[in-house]
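**Student:** everything below, folded, please.
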Amino acid sequence: MSQYDPDHELTPEELHEIERKFDPELAFRPTGKVIGIVISAVLVAMSVYHFYASGFALVRELLHRGIHLSFVLGLVFLLFAWRRSLSTDLPKPAWYRINGVPVVDILLACLAVGASLYLPLLPPEIVSVRVGNPSSFDVVMGTALLLLTLEATRRSVGSTLPLIALVFVAFALFGPWAPGALKHGGVAWEGLINHLYMTNQGIYGIAIGVMAQYVFLFILFGVLATRIGLGQLFIDLAMVVAGRYAGGPAKVAIFSSAFMGTISGSSIANTVTTGALTIPAMKKVGYPPHFSGAVEATSSTGGQITPPILGAAAFIMVEYLEIPLRDVLAAALFPALLHYFGIFIMVHLEARKLGLRGLRADELPKMGIVLRQHWLSVIPLIVLVYMILSGKTPDFAAVYGIIACVVIGFLNPVNRLTLHDLWTALADGARNTLAVGAAAATVGIVVGVVTLTGVGFRLGYVVVQTATDIGNIAGSVWPLSLFTIGQWTLFFSLILIAVACIIMGAGIPTTATYIILVAVAAPALGLLQVEPIVAHFFVFYYGVLADITPPVALAAYAAAGIAGANPFKTGNTAFRLGIAKALVPFVFVYSPALLIVTDGFTWAAFTVTLAGAMIGIAGLGVAFSGFFLTHMSRLERWWVGLVSLLFIAPGLTTMAVGLLLWAPVVFVQMTKRAKSV
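**Tutor:** Predicted coordinates for the structure are as follows:
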């Protein structure tokens, strides 16, 4: 189904085309030279402003968010066409276009800037008086900003998120006609605009605030770190560490994507960046094309859950949970490692099953050369992590990480940074934040409706009640009746929320998905006495899983384009490889010690949980791969897979029972292998 020849090494232009095709956030329209220079200058100004405001200035919160939003919306209308099909070639000159940009879009950009800055530029004492009693012009400007935000998000992200926001707006307006527990008194349009525009509970809420204060700087840091050679260092180190072993290129994909995940939170960008090298290498040693693409996509999706960036979700957690960033990163560390461990197990078993080789010595880079050429590029990352672990604020750490990138870039003789490179990096960093910034503003609309109507707790009640009803049915059947109704309620609530998170996350940026899920899904877990940080990580993990879950597995489809494979087959295989990510959230709900910073943490509980989770994930890997010591029968695979589910709630008893139930399969496998030898 791919238009690319699977035996053809893709050019940078073809890779960029794949990235544009599957990542709407990068589908920028071509522009003429003059307006292109103007847009580039505005992008650089955006980067310089955020760097200065976060590191050296003191800007009022509302004003800072308004300036950020004005940059985002104005640039979206200039850089994203009304329809994606118009974003491929520069259109022919016409009276209604200026250098390829329609005059209408320029006017919309100006209106978006005005609507974004109108309220923040008013004196604070006037704004405080008008909250709850907006003027007619306030309502007009608020309505304009709401509509322009939805259109900017549709252009840069896709239609899914704006449609969700419109559903929530309709719910707020027509509450008296909502069904069952969702029914509420409704709100007038003026009241809705007052809440979404005049307060910090809507468009100017936490989502856009985190984007302006933290996320922008970390995305800029990632662009600069990659430019000075850190990404290449990660790829080369992964080649040295894992390339020589069985199925080496697939293991290189895992390690390189894990390393890249520390500086990038984009699944598709990681897939294209590392996949350009690893996917052809995997195919060369014998992996099927669809499997090669799936390995890269699943590994790259791990960047969304890998510290220190977590696809920007870490900073949202800091704001919502009011805990230090280092606690969030500590909580995220071992679940992320379990994700990569699960992929590694399946890749290794697949290599054993197919009898695949590793890379030869002449195909691998030399460790000494790699370190000599790129060791300087790791210093900014060390600076960033040190600042975070020492208790500095995220924006402070990012500012000094960026400074370190620039200094190292100018000093490093291998990847020396020129002024033109710096200009380009500043522009690219700002450009890469536009789509997620627009999405954050739209998420503010959703969250605003949730806080205005209380729909989150209403949905939580519906979920828990439904799970209780299912639990009553399950509990009436032996041996399921051995578990309490409360246990079944929690289990089925987790399943319902997980499915809802995957569906909600389809085609929506990770950060936007997470914020929505926290608002509408996490309250259900709160009703079940699940710790807040555990609830947040649970919905976050399942939202990320959407990137490799068909039918909207964008990272897998991008990898399929590079591999020349069937996209749907690649997506199914990617979901199978990422099954650990689907298991781990259940593990830390039942045993929160895995997240380290939870209440009642003990190292004994953590050790048992980690060991049990690793054994369970390894068992699932064996079951899905169909290979252990030798090829497995269907019965053996089903038995191992079902027993592996015991490790959802790790403990010494469940581990002992699980290992005992696995013993017959191990004996059969040993017998088969002895006969084959």
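**Student:** list the contacts for residue 626?
**Tutor:** 353, 632, 637 (CB atoms under 8 Å, 6 or more residues apart in numbering). All C-beta atoms are positioned from the backbone trio N, CA, C, and that covers glycine.
**Student:** what's the local residue count around the second one?
**Tutor:** Counted with other CB atoms under 10 Å, the neighbours of residue 632 add up to 22.
**Student:** can you check the last one too?
**Tutor:** Residue 637 is surrounded by 19 other residues when neighbours are defined as other CB under 10 Å.
**Student:** so residue 628 touches residue 670, yeah?
**Tutor:** No. The criterion here is CB atoms under 8 Å, and residue 628 misses it with residue 670 at 9.5 Å.
**Student:** quick one: contacts for residue 43?
**Tutor:** 75, 426-428, 430-431.
**Student:** does residue 51 count as helix, strand or coil?
**Tutor:** helix (DSSP: H, G, I helix; E, B strand; the rest coil).
**Student:** hmm, it is touching residue 218, no?
**Tutor:** No. Residue 51 is not in contact with residue 218 according to CB under 8 Å; the separation is 12.0 Å.
**Student:** how many residues are close by residue 285?
**Tutor:** 20.
**Student:** so how far is residue 359 from it?
**Tutor:** Counting by CB to CB, to the nearest Å, the separation of residue 285 from residue 359 is 7 Å.
**Student:** okay if I get the contacts of residue 43 as a markdown table plus neighbour count, pLDDT and secondary structure?
**Tutor:** As requested, these are arranged in a markdown table below (neighbours: other CB atoms under 10 Å; pLDDT from 0 to 100; DSSP: H, G, I helix; E, B strand; the rest coil):
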| residue | neighbour count | pLDDT | secondary structure |
| --- | --- | --- | --- |
| 75 | 26 | 96 | helix |
| 426 | 23 | 95 | helix |
| 427 | 20 | 95 | helix |
| 428 | 20 | 92 | helix |
| 430 | 27 | 94 | helix |
| 431 | 21 | 92 | helix |
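**Student:** out of the residues you listed, the closest to residue 231 would be?
**Tutor:** Nearest to residue 231 among those is residue 428, at 13.4 Å by CB to CB.
**Student:** closest one of the contacts of residue 626 to residue 319?
**Tutor:** Closest to residue 319, out of all of the contacts of residue 626 and judged by CB to CB, is residue 637, at 44.2 Å.
**Student:** so what's the closest one closest to, chain neighbours aside?
**Tutor:** Closest residue to residue 637 apart from its sequence neighbours, by CB to CB, 6 or more residues apart in numbering: residue 623 at 4.8 Å.
**Student:** same check, this time on residue 397
**Tutor:** residue 387 is the one closest to residue 397 (CB to CB, 6+ apart), at 3.4 Å.
**Student:** what's the helix or strand for that neighbour?
**Tutor:** With secondary structure defined by DSSP states H and E, residue 387 is part of helix 379-389.
**Student:** quick one: buried residues of the next helix or strand after that helix?
**Tutor:** Remark: after helix 379-389, the chain's next helix or strand is helix 394-411, criterion DSSP H and E. Using 16 or more other CB atoms under 10 Å as the test for burial, helix 394-411 gives 394-395, 397-402, 404-409.
**Student:** let me have these in JSON lines, extended by pLDDT and distance to residue 263.
**Tutor:** Listed next are those as JSON lines, based on pLDDT from 0 to 100; distance: CB to CB, whole Å:
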{"residue": "394", "pLDDT": "87", "distance to residue 263": "14"}
{"residue": "395", "pLDDT": "88", "distance to residue 263": "17"}
{"residue": "397", "pLDDT": "89", "distance to residue 263": "13"}
{"residue": "398", "pLDDT": "90", "distance to residue 263": "11"}
{"residue": "399", "pLDDT": "93", "distance to residue 263": "16"}
{"residue": "400", "pLDDT": "93", "distance to residue 263": "15"}
{"residue": "401", "pLDDT": "93", "distance to residue 263": "10"}
{"residue": "402", "pLDDT": "94", "distance to residue 263": "12"}
{"residue": "404", "pLDDT": "94", "distance to residue 263": "13"}
{"residue": "405", "pLDDT": "94", "distance to residue 263": "10"}
{"residue": "406", "pLDDT": "94", "distance to residue 263": "15"}
{"residue": "407", "pLDDT": "94", "distance to residue 263": "17"}
{"residue": "408", "pLDDT": "93", "distance to residue 263": "14"}
{"residue": "409", "pLDDT": "92", "distance to residue 263": "14"}
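**Student:** residue 249 contacts residue 278, doesn't it?
**Tutor:** Yes. Look at residue 249 against residue 278 with CB under 8 Å: they come within range, at 5.5 Å.
**Student:** number of residues surrounding residue 496?
**Tutor:** Residue 496: 18 neighbours (other CB under 10 Å).
**Student:** roughly how far apart are it and residue 161?
**Tutor:** The value you get for residue 496 to residue 161, if CB to CB is used, is 22 Å.
**Student:** same question, residue 610
**Tutor:** Residue 610 is 36 Å from residue 161, by CB to CB.
**Student:** more neighbours: these two, which one.
**Tutor:** residue 161 (26 against 18).
**Student:** who touches that one in this structure?
**Tutor:** Residue 161 touches 153, 439, 442-443, 508-509, 512, counting by CB under 8 Å, 6+ apart.
**Student:** repeat that with 7 Å
**Tutor:** 153, 439, 442, 508, 512 (CB atoms under 7 Å, 6 or more residues apart in numbering).
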